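In: no sequence on this one, just coordinates:
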């Protein structure tokens, strides 16, 4: 099977998703599409995979990485979700947002910030959903690019720049270069960390 697979964006081929999940279970790293940019991903329980992503990106290990969950009940395994946070998550997910929440003990230490918080996504993209459900664990979500550079939206460029460093590329055609909007909901205090693909007008009113 080729290292670069053309995946249908609406009805992802099950055999391709299964292959990606198998690679991540073995500690491998893949590139996959989201509703914003292409992401570098691995199983969050595989420390070696996380460390490899840090090396691929040239990223500071102290800088936290977010991850993709399947749904709101899945999020509650890895983050403390207050009634307020639940209402916000239910309104905006799936969608182009990363929400910062207080972490539970389920989160691997390598992914925790000093404040014991985590960034969690549920992208509005069938490939992400199928990946997480097939794998059975959350998937790391950090943009597919070298640290400090813009995300790469073109699969040909992705293959040229990063193909030799990853185990699989799930190609869904050209995507946006604009990453997710990052919103902190820690202690029910709303803070806009980064403006990206998701509109922030609502959060400015809270």
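Out: Looks like it arrived, so ask away. What you see is a predicted model, and the numbers here were worked out from it, not measured in a lab.

In: In this protein, where is pLDDT below threshold?
Out: Applying pLDDT under 70 to the chain flags the ranges 1-2.

In: which stretches of it form strands?
Out: For the chain, applying DSSP state E gives strands covering 4-6, 30-33, 38-41, 66-68, 97-102, 117-121, 139-143, 168-171, 181-184, 191-194.

In: Centre-most residue in the chain?
Out: The residue lying closest to the centre of the chain (CA atoms, centre = their mean) is residue 141, at 2.2 Å.

In: Settle this for me: that one is touching residue 53, isn't it.
Out: No - with contact defined as CB atoms under 8 Å, residue 141 does not reach residue 53; the gap is 10.3 Å. Backbone N, C-alpha and C define where each C-beta goes, glycine included.

In: In stretch 111-130, which residues are buried?
Out: Under the neighbour-count criterion of 16 or more other CB atoms under 10 Å, stretch 111-130 has 111, 117-123, 125-130 buried.

In: Report the distance from it to the chain centre.
Out: In this view, stretch 111-130 has its centroid 5 Å away from the chain centroid, taken as CA atoms, centre = their mean, to the nearest Å.

In: all helices of this structure, in order?
Out: All helices of the chain, identified by DSSP state H, fall at 14-25, 47-57, 72-78, 83-92, 126-135, 155-162, 201-204.

In: Just put the ones you listed in TSV and tack on distance to residue 65.
Out: Shown next, in TSV, are the helices of the chain (distance: least, CB to CB, whole Å):
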stretch	distance to residue 65
helix 14-25	14
helix 47-57	7
helix 72-78	13
helix 83-92	19
helix 126-135	15
helix 155-162	16
helix 201-204	22
